[in-house]
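[1] Fold the following for me, if possible:
(chains A, B, C, D, E and F)
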6 protein chains.
Amino acid sequence: MKAAVVKITGKVFSPEGRERLPGVVSELKQALKEGYRLAIVVGGGPIARQYQELGKRLRLNNAVLDLLGIEVTRLNAALVATAIGWEASLPVPRSFEEIVRWWARGSVVVTGGLQPGQSTNAVAAEIAELVGAEVLVNATNVDGVYDKDPTTNPDARLLKRLTIDDLERILAEAPAVPGRYDLMDPVALKIVKRSRLRVAFVNAFRPGSIIAAIHGDTSVGSWLVWE
Amino acid sequence: MKAAVVKITGKVFSPEGRERLPGVVSELKQALKEGYRLAIVVGGGPIARQYQELGKRLRLNNAVLDLLGIEVTRLNAALVATAIGWEASLPVPRSFEEIVRWWARGSVVVTGGLQPGQSTNAVAAEIAELVGAEVLVNATNVDGVYDKDPTTNPDARLLKRLTIDDLERILAEAPAVPGRYDLMDPVALKIVKRSRLRVAFVNAFRPGSIIAAIHGDTSVGSWLVWE
Amino acid sequence: MKAAVVKITGKVFSPEGRERLPGVVSELKQALKEGYRLAIVVGGGPIARQYQELGKRLRLNNAVLDLLGIEVTRLNAALVATAIGWEASLPVPRSFEEIVRWWARGSVVVTGGLQPGQSTNAVAAEIAELVGAEVLVNATNVDGVYDKDPTTNPDARLLKRLTIDDLERILAEAPAVPGRYDLMDPVALKIVKRSRLRVAFVNAFRPGSIIAAIHGDTSVGSWLVWE
Amino acid sequence: MKAAVVKITGKVFSPEGRERLPGVVSELKQALKEGYRLAIVVGGGPIARQYQELGKRLRLNNAVLDLLGIEVTRLNAALVATAIGWEASLPVPRSFEEIVRWWARGSVVVTGGLQPGQSTNAVAAEIAELVGAEVLVNATNVDGVYDKDPTTNPDARLLKRLTIDDLERILAEAPAVPGRYDLMDPVALKIVKRSRLRVAFVNAFRPGSIIAAIHGDTSVGSWLVWE
Amino acid sequence: MKAAVVKITGKVFSPEGRERLPGVVSELKQALKEGYRLAIVVGGGPIARQYQELGKRLRLNNAVLDLLGIEVTRLNAALVATAIGWEASLPVPRSFEEIVRWWARGSVVVTGGLQPGQSTNAVAAEIAELVGAEVLVNATNVDGVYDKDPTTNPDARLLKRLTIDDLERILAEAPAVPGRYDLMDPVALKIVKRSRLRVAFVNAFRPGSIIAAIHGDTSVGSWLVWE
Amino acid sequence: MKAAVVKITGKVFSPEGRERLPGVVSELKQALKEGYRLAIVVGGGPIARQYQELGKRLRLNNAVLDLLGIEVTRLNAALVATAIGWEASLPVPRSFEEIVRWWARGSVVVTGGLQPGQSTNAVAAEIAELVGAEVLVNATNVDGVYDKDPTTNPDARLLKRLTIDDLERILAEAPAVPGRYDLMDPVALKIVKRSRLRVAFVNAFRPGSIIAAIHGDTSVGSWLVWE
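    Next up is the predicted model:
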C-alpha cells in the first residue's frame, strides 16, 4: 500500500480560504478510497496568528506563543479529522509517540505542530521518513517553488523540477521572509536530504492539485528530484 | 483557604470582546494573589460558532459539532492558563478526572467543556460542588439575571437576589432562547440545587465585577440565595 | 454495519439480579455475532449504593458520592467487557474521549458513568448521537414506559409507542421518583430530542428483550417514535 | 520525615467489617497529622470474591479473575482515598509507575493490586523498599503471626517477635492455606529479605493497632526483627 | 489462531551475543508469517547490569536498581519491536494494563519488565495465562533444564520432559544461584502451576530452537508436561 | 528563583567517561541545594551508537534509528533522575507537553531527546526559552567553542566570548563534522537567536565547570554574549 504525507497550509481555515476546505477534504477522502495510506499535517493560519496576537497583549514569551499557535493547528486538525471520519486519529495526537501509535494501528494520522521552534513542515518530514512515504506533499497557497519570491517579483519563474541544491540555495537566500517559512524549515530540509525524500510543492487552492500530487503526477506544482 | 469557581463567557475571546481579556485575567490573578483557590471554566464564543459553521458545511453530526466547540473552549482555556502562568493546569484538562488531579495537586484549574450535550456551566457547577467552593461565579455579557429576557425587553428588571424557585421558573420560561443557555443548563441547575451552591451572576465586561463576586460582594450582579 | 447502544441497569449485578447476567451477556454476544456494532453502558446498582452508604458514613460530599458510584459502574463494565472478550474496550474508558477512541478503532465500547450530576443514560445518549446508532436500547427492570409509576399504581398502563411529548410529560410529572431517574435524565432527553434518536425501553430481566430491541422488533417494550 | 507503608485487609470493606472502616481511616489521618508520609495498599475482601464468583460463572480464566479482583481493590482504594481527601492519589494509581509519580509529588499513595499472580502484600513491600519506609504495617484480621494457624488451632501462640527464618518456615509450612496468603507472598518475602525491611503484623479490627504500629510501638502485634 | 509467549534472554543484546539477534528476530517474524499471535518478553542482559553498576556507584536502593534494569529491558524491547515493524507494540508497554490493550487490538506485544522484585519470566507467565497461549517459550543461553546446574556440573543431564514437581524441586535446590533466576521465579511458577501452562525451555543461541518450540516440536529443549 | 538548563553530553555514560558521572550529579545537586531550578537534558553517547549499530544491522530506517537513540537518552536521563531523587521527573518525560507539566509542578526536569531529526540541544534550547532560564549550559567533552575544530587543529583557539554571528559562522563552516553536531543544531540556534538566550559552553569532564556556569561564572568555558 502506498503512503503519502500531506502538509496543508492553515490558510484554508481562514475566513477567505475556507470555501476551499470541503474540496481539500474531498481530495484526501478520494485518495483514501483509492487505497492510499495518509498522514495529514495541518498548519495554523490566521486564527493562530489571532491567538498569538492576544498572547502578545498578555505579554507571553516566544515559546508560549508557539505553543498557542500549535493549539490552533490541533483545532484545525480536529476539524479535518472529524470530516474524514472514524479512520482518523482523534483526539489529535500531541506528541511524536502518539503519531507513531496511530499510524501503527492503521489510522489516518491527522495532526498539527508539536514543539516550539519547529514548523509543521518538520513534523510532516519526520512522519514521511518514519513511514517511508512515497511522496511528501506540501500544499501551500502558491503554485510551487519559484526562483524568486513570487509575491514581490512579478517575473518570478516556477521551477517544475528542482534539486536539493536548488532548494537549499532558495531557502538560504530568503530565510527571513516569513512567507518562505511555510516552504521548509531546517529540520525538514535535513530529513528530506538525509533520507532523499520525494517532495511535491503544490497549491492547496487549485482544485485537483493535492490528489494529483498524491498520484505522483509531476505535471502539477514543483517536484524535488534526486538523480 | 477560600475556593471559587469562575465561569467566563467565550465572548471575551471574540474580536469585539477581547479588549476586555487582559482585564479579566488581571482580576483572576488578583484573586490568586489574595490567596483564593480558583477553578476557571471558559466558554467557546464566536470562534466556536465559526468552527461549528465549518463543521456543518462538512455535514458533521450534532455530537461532533459539540466536540468541535469543546476544542475551541480548550483553546481559549489554554490562552487564559498561559496568561496565569505556571500555577495553571496545562495542558488543559480534557476529562473530569484530569480536573480532579490538577485541583488535588494545588493548581489553578483552567478548563473548557468536556462532553457533548452539556454546557460549560455544568462543568463549573460540578467542580464547585466537588471542591466545596464558597461561590460559583457565572460571568456572562449581561449584568445578571432578569425577570424577562433583557435583550428583547427594554423594561426587564435585574434581580439582585433570587431563590432557586425564581431561577427554575425563569429558566423554564425561556428554555429555547439560545442566549439563556449561557445562564445555566439542567445539569448545572440540578447540582446547584442538591448541594445548595451559592451562585453569583455578573457581567464579565464590567471591570471589577468578577473580583467583587469572588470577594462575596453582593452589591454586584444577581445572587442566588438560600434561606 | 448497524450500530446500537445498550444501557443496562445495574440491578443485574445485584445478588438477586445476577442470575440473569449470563443471559444478558449472551444476547449481547449474539448481536455481535450477527454483525452489529455495539456500545454498552452499564449502571451501578445496589453495589454502588452500598459504597455510597460507606461514603456517607465517612461524610463525603455529593460529587464524591457520585464519583464512587461511577467507580462501581466501571467495575460492572469491566465484568461485562471481560465476558465479551478481546473485542471489548479494556481497561474501561474513563472519559468521553477514550470512548471515542475505542469506537474509532472498531472495539465494542463497554463503559459506565463519566461525571457527577449525570446519569449513565446521558452517556448512552451521547454515544448514540455520536456514532449515529440505529437504536438506543434502555434495558431496565420494568417492561417499558408506563403512563403512571408502575411500582405504586397497579393500573399503570404500558405505552407501546410514545412521542417525545409523551416522554417529556411523563418525566416532568415524576421527576423526584428515584426509580424514574433510570428512565432518562435531562441531558439524555435533550440529545434524544435534538437528534431525533430512536429509543427502545425494555426489561433486561425478560430473556430475549435486549436482542429483540437491537433487531428493531417493536413488539417488545416501549418505543419512542418520530413522525 | 518518617515514611510508613500500610497494607489493609479487604475485610474492612465487607458488610460485617465496615463498622470498623471510619476508625481505620481516622488512624491513618492521625498519622498524617503527626507528619508521617504514608502509602496505603488496600485489599479486595468479600466484594472481590463476589465479582470473581460472577466471573467464574461467565467462564473467565484465572488471569482475568485476578484482574477483576484488582478492580475491586481499586474501588476500595478510591473510597479510602476520598475519605483522606485532596492529599491522596486519585484516580487510584494503576501501575507501579503511577505510584512512583504520586509519591514523588508528595501525595499520600492509596492503591490496590497491580498484576495477576501477585498479592497486594507484594505491592506494599515494593513500595516500602522504594521509598525506604521505616515500617511496613500489615493489618489483617488476626492479631499477628502465630506459630500455627490460629483459626484451626486453639492453642496457636502469637509470636511477638520473629526472624526472617521463622517467617519463612511458617509460610512454607502453610502455603496452601488461603488465609495465609494474606500474610505475605513470595515476592513480598523476597523484597523484605533482600532489603531487610521492618515489618509489623497487626489486627486492623483492634482500634489503635495501626497507629501504634506506625509509631513503632512493638507492644502490639508481631514484629519481624533483624539482628 | 494459535498464540505463543516467548521470553528472550537479555544476553542476545550483549556484545558477544548480538551476532545472534537478527536470527532471533527472523524466527519470530517467521512465526508471525505462519499466522501465530505472539507476545515477546525481553530480558535486560549485560547492559542492564552495567547501568545497575552505575546506579550502585550513585548509592541507589534495590528497588531503584531494579527499575533501572527494567528500563534497559524496555530499550531492548524497543529494538525488537522496531525490527518486527508496525504490528509491534510501540512505545513499549510500561504496565500490565498497556499490555492487555495492545494484545486486545491485535498487536504483537513486545515488552520488558514491569515491577521491582519480579522477573521478566513472571511477566511472560502472566501474559501466557491471560491470553491462553498454547506454549510459553523460555529462550535462555542453555539448552533447557538440567538435573544439576550445568555451568558447574559437567555431568549435568538435560531433562527432555519434566513435571511440575521436578521443576519445583530443581528451583528449590538452587534458589540462590543467579543463573537459575532466569529459569523461573516464584510468581511465574505459581501461575504456570495454577493454570497448567505448557512451557518449553530452549536455547536462544541455537538457531531454529525458538521457532521449533513455537511449533510445539518437543524434540528441542525441555518441556514441562502435565498428565 | 533562578532557573538554568543544563545539556550534558552522553559521553559521561560511556565506559571511559562514567568515572565522571558521580561528580556531574554532585554539581547538579549542589545547584539545587543552592536554590536553583534546573532542567537537565541528557545525550545518548556511545550506548546510543551501539544500539543504532544493532538497528542498522536489522535494516531500520533513519527515523527509527533516531528513535532508538532517543530511547537511550531516556535511559541515561532515568539514571540521572533517580540519582537526584524524588524531586526529579520520573518516569522520564517523553514529549514537550510532559516536560511542561513537570516544570509547572516544581520538579527538576530530567529528559532526553524527543523527536527524530532534532538534537538534545534543541530540546534544551526550547526549555530554556519556555522557562526563561538565566543560562543555558551546554556541557560537552571539550572546553568550549574554538575558532577551528580542536580535535583536528592543534592551534585551534578557545573563544572565551562569542557573538551570535561568530557562532553562526563557526557552525556554518563545519556543518558536516559529526562532533560539531553536539554544539548546536539549527533549531537550537534559531531559538537562542530569537529569544537572545545566554549560553555557556563548558567541559563536563572538568570538575566544577557545570556548577560554575550555573553560577554565571564567565571565567570557565565559552559564553555567547549579546550587546
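
[2] What helix or strand is the residue of chain A found nearest chain D located in?
    Nearest residue of chain A to chain D: A:E97, at 15.3 Å (C-beta to the nearest C-beta). C-beta: built from backbone N, CA, C; applies to glycine. Under the criterion of DSSP states H and E, A:E97 resides in helix A:96-104.

[3] same thing with A:A4?
    strand A:3-8.

[4] Equivalent analysis for A:A128, please.
    Using DSSP H and E, the element containing A:A128 is helix A:120-131.

[5] Show me what the next helix or strand after that helix pairs with in its sheet, parallel or antiparallel.
    Scanning forward in sequence from helix A:120-131 by DSSP H and E, the next helix or strand is strand A:135-140. Sheet partners assigned to strand A:135-140 using DSSP bridges are listed as strand A:3-8 (parallel), strand A:199-203 (parallel).

[6] Those: which one's closest to F:L90?
    Smallest distance to F:L90 across the strands paired with strand A:135-140 (C-beta to C-beta): 34.1 Å, for strand A:3-8.

[7] Find the closest residue to chain C in chain A.
    A:W86 (4.8 Å).

[8] That residue - how many residues pack around it?
    15 (other C-beta atoms under 10 Å in any protein chain shown).

[9] What does it show for phi and psi?
    A:W86 adopts backbone torsions of phi -60, psi -20, taken as degrees, to the nearest 10.

[10] Isn't it up against C:W103?
    Yes. A:W86 is within contact range of C:W103, at 7.2 Å (criterion: C-beta atoms under 8 Å).

[11] Run the angle between the longest helix seen in chain A and helix F:96-104 for me.
    Counting by DSSP state H, the longest helix found in chain A is helix A:62-84. Taking axes from the mean of the first three to the mean of the last three C-alpha atoms, to 10 degrees, one finds that helix A:62-84 is oriented at 140 degrees with respect to helix F:96-104.

[12] mind saving the C-alpha coords of helix A:62-84 as CSV?
    Extracted in CSV, the C-alpha atoms of helix A:62-84 (Å, rounded to 0.1, in the frame of the first residue of the first chain):
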residue,chain,number,x,y,z
ASN,A,62,8.1,33.2,22.3
ALA,A,63,7.9,29.6,23.4
VAL,A,64,4.4,30.1,24.8
LEU,A,65,3.3,32.0,21.6
ASP,A,66,4.5,29.0,19.6
LEU,A,67,2.5,26.7,21.9
LEU,A,68,-0.6,28.7,21.4
GLY,A,69,-0.1,28.5,17.6
ILE,A,70,0.3,24.8,18.0
GLU,A,71,-3.0,24.5,19.8
VAL,A,72,-4.7,26.2,16.8
THR,A,73,-3.1,23.7,14.4
ARG,A,74,-4.6,21.0,16.6
LEU,A,75,-8.0,22.6,16.4
ASN,A,76,-7.7,22.7,12.6
ALA,A,77,-6.5,19.1,12.6
ALA,A,78,-9.6,18.1,14.7
LEU,A,79,-11.9,19.6,12.1
VAL,A,80,-10.2,17.8,9.2
ALA,A,81,-10.1,14.5,11.3
THR,A,82,-13.8,14.6,12.1
ALA,A,83,-14.6,15.4,8.5
ILE,A,84,-12.6,12.3,7.4
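
[13] Is that helix positioned near chain B?
    Yes. Counting by C-beta under 8 Å from any C-beta of the partner chain, chain B has neighbours in helix A:62-84: A:64, A:67-68, A:71-72, A:74-75, A:78-79, A:82-83.

[14] now the helix or strand harbouring A:A213: mean pLDDT?
    Assigned by DSSP H and E, A:A213 falls within helix A:209-215. Helix A:209-215 shows a mean pLDDT of 98 in the predicted model.

[15] chain center to it: distance?
    Distance, stretch centre to chain centre, for helix A:209-215: 14 Å (C-alpha atoms, centre = their mean, to the nearest Å).

[16] what about dumping the CA coordinates of that helix to CSV?
    Extracted C-alpha coordinates of helix A:209-215, given in CSV (Å, rounded to 0.1, in the frame of the first residue of the first chain):
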residue,chain,number,x,y,z
SER,A,209,-3.6,19.6,-7.1
ILE,A,210,-3.4,17.6,-3.9
ILE,A,211,-4.8,14.4,-5.3
ALA,A,212,-2.6,14.8,-8.4
ALA,A,213,0.5,15.1,-6.2
ILE,A,214,-0.5,12.0,-4.2
HIS,A,215,-0.9,10.2,-7.5
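
[17] outside of it, which residues touch it?
    A:4, A:6, A:8, A:24, A:27-28, A:30-31, A:36, A:38, A:135, A:137, A:139, A:200, A:202-204, A:219-221 (C-beta atoms under 8 Å, 6 or more residues apart in numbering or on different chains).

[18] try it again with 7 Å
    A:4, A:6, A:24, A:27, A:30-31, A:36, A:135, A:137, A:139, A:200, A:202-204, A:220-221 (C-beta atoms under 7 Å, 6 or more residues apart in numbering or on different chains).

[19] Could you count how many residues lie near A:R157?
    With other C-beta under 10 Å as criterion, A:R157 counts 10.

[20] nope, A:Q115 is what I meant
    25.

[21] ok, it - contacts?
    So A:Q115 contacts F:96, F:114, F:126 (C-beta under 7 Å, 6+ apart).

[22] can you rerun that using 8 Å?
    Here A:Q115 is in contact with A:66, A:70, F:96, F:114-115, F:126 (C-beta under 8 Å, 6+ apart).

[23] Dump the residues you listed into CSV; add pLDDT as well.
    Converted to CSV, the contacts of A:Q115 look like this (pLDDT from 0 to 100):
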residue, pLDDT
A:D66, 96
A:I70, 97
F:F96, 97
F:L114, 97
F:Q115, 95
F:E126, 98
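
[24] May I see the residues you listed organised as TSV, with distance to D:H215 added?
    Output for the contacts of A:Q115, formatted as TSV (distance: C-beta to C-beta, whole Å):
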residue	distance to D:H215
A:D66	53
A:I70	52
F:F96	45
F:L114	47
F:Q115	51
F:E126	49
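
[25] Switch the strands paired with strand A:135-140 over to CSV; also include mean neighbour count and distance to F:R20.
    Formatted as CSV, the strands paired with strand A:135-140 follow (neighbours: other C-beta atoms under 10 Å in any protein chain shown; distance: least, C-beta to C-beta, whole Å):
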stretch, mean neighbour count, distance to F:R20
strand A:3-8, 26, 42
strand A:199-203, 25, 44
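
[26] Looking at those, which is nearest to A:R161?
    Per C-beta to C-beta, nearest to A:R161 of these: strand A:199-203, 10.9 Å.
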